[in-house]
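>>> Just a sequence and a predicted model for now, questions to come.
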Amino acid sequence: MYTTRIDEEHRSGSMAEETRLDGMTMTRAEAVACLINQLLDELLGRMRRADRVRDCLDIALLEYAGDGVVPLLSPDGGFVPVAELLRRPVEVRPRHVLRRLPSGNQVAATIPQRQWIDAKASGNTPMRAAFDEAERLARRWCTHPAHRNSFPPIVINITDGEASDADDEELLAAAERLRALSTGDGNLLLFNIHLASETDDPADSLRFPSETDRLPDRPHARLLYALSSTLPSCYDEAIRTERPEGRPPFRAVSYNCPINTLFAVLTVGTTAAIL
């Protein structure tokens with residue numbers, strides 16, 4: 001077993017706001033679900049070989065909204081190996097997009113997409129509960145003898161708001177417990193992605209900052225920065241593709257992330273999982 005990842009998808013009431021993805025209007029929850037489904041398909045596709053499956057990822061998806069945390073891929077909330085996911089029958093639905101031609105004109109297209117998760121927007125933001133559940137899953141994974149020297153777990157937390165079940169100190173403590181988990185190859189990596197709303201100032205955006213970068217003058221941005229891991233050098237090349245001016249070490253945080261750049265950020269986050 002080479003690596004593992006936990007994606008925590010957050011869906012709160014503000015996720016019902018409208019946004020645009022690939023030229024189409026939809027809710028933010030629908031856009032995030034589309035991108036998570038696309039990411040899972042790409043990850044699984046890269047594990048296929050002509051004669052076998054490279055079964056080197058264990059994946060869990062957690063939804064946190066309302067008053068609790070719900071597993072999306074496994075009834076018991078555990079990890080699911082790639083080979084098992086590839087065997088599952090999954091509903092395929094049409095996804096409508098607008099493509100821009102070299103001439104500058106746009107053309108409507110429909111692409112098939114497997115629906116691993118559905119869009120949903122509701123309630124509060126129990127982020128600490130999600131961190132605690134991620135810690136439980138990752139601790140069990142890290143202590144398994146087969147994972148002793150594996151790449152450590154990657155946790156990606158996607159949120160559009162502040163935690164409703166903890167103050168800053170409690171959330172920092174929960175994140176510290178997560179980041180303290182480790183294998184022989186290093187500590188768990190915690191990414192935090194804050195989704196931008198239509199009214200957010202683009203000047204306040206932050207994507208994989210260096211320690212020398214100036215943070216936005218926003219308490220929540222500083223909190224997410226403090227919650228997030230400092231990334232190992234295996235991420236440097238992928239981040240420099242997004243931020244050529246950046247200087248490592250980079251922090252695993254993106255604040256005020258527009259929907260149209262979320263997939264790129266998620267791709268960076270999963271880089272080490274598929275090396």
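Looks like it came in fine.
>>> in the protein, which helix has the most residues?
helix 28-46 (DSSP state H).
>>> Now do the contacts for the closest residue to residue 33 other than its chain neighbours.
Leaving aside its chain neighbours, residue 33 sits nearest to residue 119 (4.1 Å; criterion: Cβ to Cβ, 6 or more residues apart in numbering). For glycine as for every other residue, the C-beta is placed from the backbone atoms N, C-alpha and C. By Cβ atoms under 8 Å, 6 or more residues apart in numbering, residue 119 lies in contact with 11, 27, 29-30, 32-33.
>>> Same question for residue 207.
242-243, 254-255, 257, 261, 265.
>>> beta partners for it?
residue 254 (DSSP bridges).
>>> and it, how far is that from residue 125?
For residue 207, the distance to residue 125 equals 22 Å [Cβ to Cβ, to the nearest Å].
>>> Tell me the buried residues in stretch 217-237?
218, 220-221, 223-229, 231-232, 235-236 (16 or more other Cβ atoms under 10 Å).
>>> wait, stretch 201-221
205-209, 213, 215-216, 218, 220-221.
>>> distance of residue 266 from residue 213?
Distance from residue 266 to residue 213, by Cβ to Cβ: 21 Å.
>>> residue closest to the middle of this protein?
residue 156 (3.8 Å; Cα atoms, centre = their mean).
>>> Give the residue spans of the stretch 101-250 of the chain that score low on pLDDT.
For the stretch 101-250 of the chain, the stretches with pLDDT under 70 are 121-123, 199, 202.
>>> What segments of it are strands?
For the stretch 101-250 of the chain, the strands defined by DSSP state E, counting those that start in this stretch occupy 106-114, 154-159, 182-183, 186-187, 189-195, 206-207.
>>> just to revisit the earlier point, show me which of the buried residues of stretch 217-237 is closest to residue 150.
residue 232 (14.2 Å; Cβ to Cβ).
>>> The closest one touches residue 187, doesn't it?
No - when contacts are counted by Cβ atoms under 8 Å, residue 232 is not listed as touching residue 187 (9.2 Å).
>>> what about the residue located most distally from the centre of the chain, distance to residue 180?
Going by Cα atoms, centre = their mean, the residue of the chain most distant from its centre is residue 103, 34.2 Å out. Using Cβ to Cβ, one obtains 54 Å as the distance from residue 103 to residue 180.
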